[in-house]
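Chemist: Sequence isn't available, so here's the structure alone:
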């Protein structure tokens, strides 16, 4: 027997289906929304519909955008000879925050993962190859995550790019700036030593 | 400069405004919704509208319901001479789960909190008094949370109920069943000793 009205149970189910939201959190969120005014609840619902209907992938880099091209691809101040390949749209934001990179991006929307049945045709690899074969690209930076899936994806794509004869690079591994050697894990430390640079 | 399309930023803002959801979680939730099919996103939005428009307070106990009366107030198997007063609708669920209680409830929708400017007129105390003056109530169990606000609310209401000359009780404090004395805090232990019962 459920003690909540059916429509409230339904809303709780919807929240509980979101990643990282358990049953209790879903209840709390649903109760919170119900405690808001009619207008506020409505504007939440409209925000979902609006975002879903107007956001799609940039036809060049596959980043999320409302126009045909994303802001970065549409800008004439970005260096089109370098493409930074990332797994998710949020990774673009992370790299932009570093203010060091001025090239363009390519968002894969995932990483290869045989365990989760995600193969090369499930992420935007084909679009990357089409782009490289048509544009004048000099370097591709593989900025997928430094985990198993990200590494595998980087290796797979770098092999596909061999015939194009362009420079393929990977983000540097090492000690995070401002951190402490004491807290660095073994794998990071050994990569930091392998990748040491002259000062 | 924001790197996400405006409608996506708006959706992230909506999620970030929910309690316990930070900026990063809000991004993850918004991205997840965008990755779902049009139908699924739409049904999420509809669930919000539907719940908000059809759920309201039971006219007797103020619990959430879609009908005029909630399931418990509508049932003829519940003992109407006892009212269990709780702060939130979810507390009804918690007590029902115990399967010990067969009376009715009264949901305050909050607790007195001078710090958050929540006074007696902001929670459903008036409705409780009206109910007690009209129904044949023998006992009121104060089941507000055992924290400062919950205690204050219980004390405040029990004083208001004095003139009605009905029994006002409070949930028992003590060691949680199945736990260990070692892990009980001092306040709980001293309340457990004060409330000791003969065996």
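Modeler: Done, it's in. The structure displayed is predicted, hence computed values, not measured ones.

Chemist: and chain A, what are its domains?
Modeler: A:6-54, A:57-177 (automatic domain parsing).

Chemist: how about those in TSV, adding mean neighbour count, mean pLDDT and distance to chain B?
Modeler: (Glycine included, C-beta is placed from N, CA and C.) Formatted as TSV, these follow (neighbours: other CB atoms under 10 Å in any protein chain shown; pLDDT from 0 to 100; distance: least, CB to the nearest CB, whole Å):
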stretch	mean neighbour count	mean pLDDT	distance to chain B
domain A:6-54	18	93	4
domain A:57-177	16	91	4
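
Chemist: check contacts around the residue nearest the centre of chain A.
Modeler: Nearest to the geometric centre of chain A sits residue A:88, at 1.1 Å (CA atoms, centre = their mean). Residue A:88 sits next to A:107-110, B:31 when contact means CB atoms under 8 Å, 6 or more residues apart in numbering or on different chains.

Chemist: Quick check on it: phi, psi?
Modeler: Phi and psi for residue A:88, reported as degrees, to the nearest 10, are phi -130, psi 160.

Chemist: again, but for residue A:139
Modeler: Torsion angles, degrees, to the nearest 10, at residue A:139: phi -140, psi 140.

Chemist: Provide a list of residues in contact with it.
Modeler: Residues counted as contacts of residue A:139 (CB under 8 Å, 6+ apart) are A:81-83, A:103, A:166-169.

Chemist: Check residue A:164 too.
Modeler: A:132-133, A:137.

Chemist: can you redo those residues as CSV with secondary structure?
Modeler: Output for the contacts of residue A:164, formatted as CSV (DSSP: H, G, I helix; E, B strand; the rest coil):
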residue, secondary structure
A:132, helix
A:133, helix
A:137, coil
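
Chemist: TSV for those residues, including distance to residue A:64?
Modeler: Below are the contacts of residue A:164 laid out as TSV (distance: CB to CB, whole Å):
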residue	distance to residue A:64
A:132	21
A:133	24
A:137	22
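
Chemist: Among these, find me the one that's closest to residue B:64.
Modeler: Nearest to residue B:64, judged by CB to CB, of the contacts of residue A:164 is residue A:132 at 56.0 Å.

Chemist: right, and that closest one touches residue A:83 too?
Modeler: Yes: counting by CB atoms under 8 Å, residue A:132 touches residue A:83, with 7.4 Å between them.

Chemist: what residues are shared contacts of these two?
Modeler: Common neighbours of residue A:132 and residue A:83, using CB under 8 Å, 6+ apart, are residue A:140.

Chemist: Can you add distance to residue B:70 and give the domains of chain A back as a markdown table?
Modeler: Converted to a markdown table, the domains of chain A look like this (distance: least, CB to CB, whole Å):
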| stretch | distance to residue B:70 |
| --- | --- |
| domain A:6-54 | 11 |
| domain A:57-177 | 42 |
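
Chemist: Between the ones you listed, which one is closest to residue B:76.
Modeler: Between residue B:76 and these, the tightest spacing by CB to CB is seen for domain A:6-54, at 21.5 Å.

Chemist: Distance across that closest one, terminal residue to terminal residue?
Modeler: End-to-end distance for domain A:6-54: 31 Å, by CA to CA, to the nearest Å.

Chemist: Show me what the longest strand along chain A pairs with in its sheet, parallel or antiparallel.
Modeler: Criterion DSSP state E: the longest strand present in chain A is strand A:79-86. Strand A:79-86 pairs in its sheet with strand A:103-107 (parallel), strand A:139-142 (parallel), by DSSP bridges.

Chemist: Residue B:48: which of the ones you listed is closest?
Modeler: With distances scored as CB to CB, the stretch of the strands paired with strand A:79-86 nearest to residue B:48 is strand A:103-107 (28.8 Å).

Chemist: hmm, back to that, ok, residues contacting the very next helix or strand once past the longest strand of chain A?
Modeler: Using DSSP states H and E, the helix or strand that follows strand A:79-86 towards the C-terminus is helix A:89-97. The contact list for helix A:89-97 (CB under 8 Å, 6+ apart) reads A:63-64, A:72, A:84, A:86, A:101, A:105, A:107, A:109, A:143, A:145, B:3-4, B:27-28, B:31.

Chemist: quick one, helices of chain A?
Modeler: Per DSSP state H, chain A carries helices over the ranges A:6-16, A:23-35, A:38-54, A:71-74, A:89-97, A:125-134, A:148-161, A:186-194.

Chemist: can you list those helices in CSV and add distance to residue B:177?
Modeler: Shown next, in CSV, are those (distance: least, CB to CB, whole Å):
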stretch, distance to residue B:177
helix A:6-16, 27
helix A:23-35, 20
helix A:38-54, 39
helix A:71-74, 58
helix A:89-97, 45
helix A:125-134, 56
helix A:148-161, 44
helix A:186-194, 45
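
Chemist: how close does the closest residue to residue A:21 other than its chain neighbours sit to residue B:38?
Modeler: Leaving aside its chain neighbours, residue A:21 sits nearest to residue A:15 (5.5 Å; criterion: CB to CB, 6 or more residues apart in numbering or on different chains). From residue A:15 across to residue B:38, the span is 19 Å (CB to CB, to the nearest Å).
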